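Enquirer: Quick one, structure for this:
(one chain, ligands or ions: 2)
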Amino acid sequence: MRVEVLGCSGGIGRIGGQVLQTTSLRVDHDILIDAGTGVAGLTLAEMAAIDHVFITHSHVDHIAALPLMIDSVAEMRQAPMTIYAEAATLEILREHVFNWAIWPDFSEITVCKSMAIRFQPVAVGAPLYLGGRTITPLPAVHAVPAVGYCLDSGAGSLAFTGDTTANDALWPMLEHVDNLRHLIIETAFPDSEQALALRSKHLYPSLLAKELARFAGPADLAVHISHIKPGQAERIMREIAGHGTRFSPQMLQDGQIFEL
Ligand SMILES: [Zn+2]
Ligand SMILES: [Zn+2]
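Expert: Ligands and ions are numbered 1, 2, ... in the order given. Sure thing, here's the model as predicted:
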C-alpha cells in the first residue's frame, strides 16, 4: 500500500517556492482520504482512476476539490465513484453542496449508463475491505460530525486523525492496532491561539503533548503533524519540540510518500 500526501496544510497560498494545499491523501491509485485542494495536482487520468473517496468531515478544506473532480472526470469513468463518510456528514454534503444550487447532485446524474457518484455511510470502528486494504473509521472530536481513518495494508497501518481536538476514544482504539507504523495527527494552531483552537475543536502544541502522553503505542511510531496554519509551521513545530514527547513528531510534507 502506497500513501501519498497530496495536501496537508491548514490553508492555501504560496510561501517561497512552496504552494500550500489542503488535506488529501491518495492511497494506491484508487482511493482518496479527503479531497481538499491537493487533489488539483492530479492528472485527469489519475482523478478518473479514483473509485473510493473517504471524507473525514464536511469542512471545505477537506472537500474543496470533490465537486470539481467529480465533474471533471465523470464521463471518463464506467462506474460510480463512491463517497464514504458518516451518515451525518453525507447528509450535510447532500444538503449544502450537492443540492443543485452550489453544485449538481451527481448521485442523480447518469453518465455512461451509471450514476456519477454514490454515497455510502461508514461508522466508527466498522472496517471496510478494499482489495486487501482495510480502512477503519476512527473517532474524532470536532466542530461538526467527524472521523479519522486507519489504513491497514496487512503489513502495516497508518492512522490519520482528521481534524480533532482532545480525543478520549481514539487512543484505546489505536492501542489495538498491533502493526501501527505511522500516525498523522493535526496541530492546527500555536499555543498562543489556544482559545481559538478550543472553540474550533482543533489541537495546539501543549494539548497535542498531553494527548500523545496518553498513548501507550510503540516508541518507534512515526508521528507526523498536519493541518498547520499557513505561516505558522516553524513556530508550531518549535513549540511541539519544546513540550517534549515520547515520540519525535515531524511536520508532514506535501508529496511525502509512505510505503506500508
Ligand atoms: Zn475541520
Ligand atoms: Zn480542516
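Enquirer: Specify the beta-bridge partners of His52.
Expert: Beta-bridge partners for His52, by DSSP bridges, are Ile31, Thr82.
Enquirer: surely it meets Ala85?
Expert: No: in this structure, His52 is not within contact of Ala85 by C-beta atoms under 8 Å, at 11.5 Å. In this view, the C-beta of every residue, glycine as well, is placed from N, C-alpha and C.
Enquirer: what distance separates the start and the end of stretch 69-89?
Expert: 19 Å (C-alpha to C-alpha, to the nearest Å).
Enquirer: before we move on, the earlier item: between His52 and Ala85, which has more neighbouring residues?
Expert: Shown here are His52 and Ala85; by other C-beta atoms under 10 Å, Ala85 has more neighbours (27 against 19).
Enquirer: was I right about the more buried one contacting Val124?
Expert: No: using C-beta under 8 Å, Ala85 makes no contact with Val124, being 11.7 Å away.
Enquirer: got any residues that touch both of these two?
Expert: Any residue near both Ala85 and Val124 by C-beta atoms under 8 Å, 6 or more residues apart in numbering counts here, and that gives Val147.
Enquirer: Contacts only, for Ile185.
Expert: Ile185 touches 161, 164, 203, 208, 211-212, 223-226, 249, counting by C-beta under 8 Å, 6+ apart.
Enquirer: Which ones among those lie within strands?
Expert: 223-226 (DSSP state E).
Enquirer: Quick check, pLDDT for the closest residue in space to Arg246 that isn't next to it in sequence.
Expert: The shortest distance from Arg246 to any non-neighbouring residue, by C-beta to C-beta, 6 or more residues apart in numbering, is to Ala219 (6.0 Å). At Ala219, the model reports a pLDDT of 84.
Enquirer: quick one: Ala219 is in a strand?
Expert: No: checked against DSSP: H, G, I helix; E, B strand; the rest coil, Ala219 lies outside a strand; its state is coil.
Enquirer: pretty sure Tyr149 is touching Thr56, no?
Expert: Yes: shown here, Tyr149 and Thr56 form a contact pair, counting by C-beta under 8 Å, at 7.0 Å.
Enquirer: got any residues that touch both of the two?
Expert: 33, 160, 162.
Enquirer: Save those residues as CSV, and put in distance to Leu138 and pLDDT too.
Expert: As requested, those are arranged in CSV below (distance: C-beta to C-beta, whole Å; pLDDT from 0 to 100):
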residue, distance to Leu138, pLDDT
Ile33, 11, 99
Phe160, 8, 98
Gly162, 8, 98
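Enquirer: closest to ligand 1 among these?
Expert: If you rank the shared contacts of Tyr149 and Thr56 by distance to ligand 1 using C-beta to the ion, Gly162 comes first, at 7.7 Å.
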